[in-house]
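*Asks:* Let me see the structure of the following:
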Amino acid sequence: MKYTLTALAAFALLAPMMADAQTAAPAAPQSSLTGNFTLVSDYRFRGISQSYKLPAVQGGLDYAHSSGFYVGNWNSSVSGNLFPNGAVLEMDFYGGYKFPVGGDITMDVGALYYYYPGSYYNGFGTQRPSFNNFELYVGAATGPFSAKIFYGLSDFFGLSETTSPNGKSSKGSYYIDLNYTTEIMPKTNLVAHIGYQSVKNHSDFSYFDYKLGATYDIHNGWLLGAAVVGTNAEKGPYTFAETSNGSRTKFMGSTTVVFSIGKTF
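*Replies:* A predicted model of the protein is given here:
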């Protein structure tokens with residue numbers, strides 16, 4: 001408590017209130033706003049490169065209330081070879097609610113919308129099918145473990161009756177996300193992950209992905225990371241040609257080492 005006294009009488013009036021304030025516990029913050037900024041050598045989403053195996057710039061903001069409700073926005077540069085015609089940008093908007101259910105278990109429920117400004121599938125005449133995607137999720141965390149399942153209410157990133165090879169919708173696709181994070185030495189965390197992406201009506205698009213790596217707290221919120229990331233995805237659905245030269249292609253699900261440096265603030 002900061003104050004200025006201009007007279008002894010004022011001090012006499014305030015002293016009892018000051019004494020009460022000093023003996024009371026400090027109030028917990030009602031809300032918090034945090035930000036993050038990261039540079040990565042390859043943007044891997046569920047094991048699949050979104051940046052055509054090239055570096056990406058990422059960042060976002062999160063608002064959390066003490067009641068457990070939260071909202072946020074996260075953004076990343078992506079490749080025009082995968083998301084053509086647009087701003088080569090992914091914008092994620094999400095909101096949810098976290099709450100304890102007993103012991104040290106915390107539940108998390110929410111919704112997540114992936115938006116790719118201006119991007120759409122090529123080759124469909126006047127139609128412009130978008131890549132935008134909408135999912136609901138529910139998860140739980142306890143100690144170093146966390147698990148979450150995502151369920152798609154929209155077609156899986158635009159894989160619809162119009163755009164899919166077999167003419168079937170992919171609504172109802174889901175992703176299982178399992179994670180383990182623990183400190184293995186001062187300022188250093190081990191990070192392990194395994195996931196499974198199921199794409200409804202398109203089994204050739206379904207796959208497992210994995211990650212094993214570590215992060216190091218450099219100083220004052222700066223984190224340095226390195227991880228081996230890969231999938232068992234089939235090459236056909238996840239191989240993309242360069243828009244400038246269709247004869248050059250890359251498989252987006254191969255195993256690689258991803259390096260990152262970022263800061264939270």
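
*Asks:* all strands for the stretch 1-150 of the chain, in order.
*Replies:* Listed in chain order, the strands found in the stretch 1-150 of the chain under DSSP state E, counting those that start in this stretch are 31-40, 44-45, 48-49, 56-65, 69-77, 89-102, 105-115, 133-142, 145-152.

*Asks:* center of this structure - which residue?
*Replies:* Among the residues of the chain, the one closest to the centroid is Trp74, at 6.9 Å (CA atoms, centre = their mean).

*Asks:* looking at the strands of the stretch 1-150 of the chain, which is buried most?
*Replies:* strand 48-49 (a mean of 23; mean count of other CB atoms under 10 Å). Just so you know, the C-beta spots here come from the backbone N, C-alpha and C atoms, and that holds for glycine as well.

*Asks:* strand partners of that one, parallel vs antiparallel please.
*Replies:* With DSSP bridges as the test, strand 48-49 is paired with strand 44-45 (antiparallel).

*Asks:* Not counting sequence-adjacent ones, nearest residue to the residue nearest to the centre of the chain?
*Replies:* For Trp74, ignoring the flanking residues on the chain, the nearest one in space by CB to CB, 6 or more residues apart in numbering is Gly60 at 3.4 Å.

*Asks:* ok, now Ile176?
*Replies:* Using CB to CB, 6+ apart and skipping the chain neighbours, the partner closest in space to Ile176 is Tyr196 (4.7 Å).

*Asks:* give the contact list for Leu159.
*Replies:* Going by CB atoms under 8 Å, 6 or more residues apart in numbering, Leu159 touches Ser170, Val199, His202, Phe205.

*Asks:* These into CSV, with extra columns for distance to Ser146, pLDDT and neighbour count?
*Replies:* As requested, the contacts of Leu159 are exported to CSV (distance: CB to CB, whole Å; pLDDT from 0 to 100; neighbours: other CB atoms under 10 Å):
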residue, distance to Ser146, pLDDT, neighbour count
Ser170, 26, 98, 23
Val199, 23, 98, 22
His202, 28, 97, 18
Phe205, 25, 98, 22
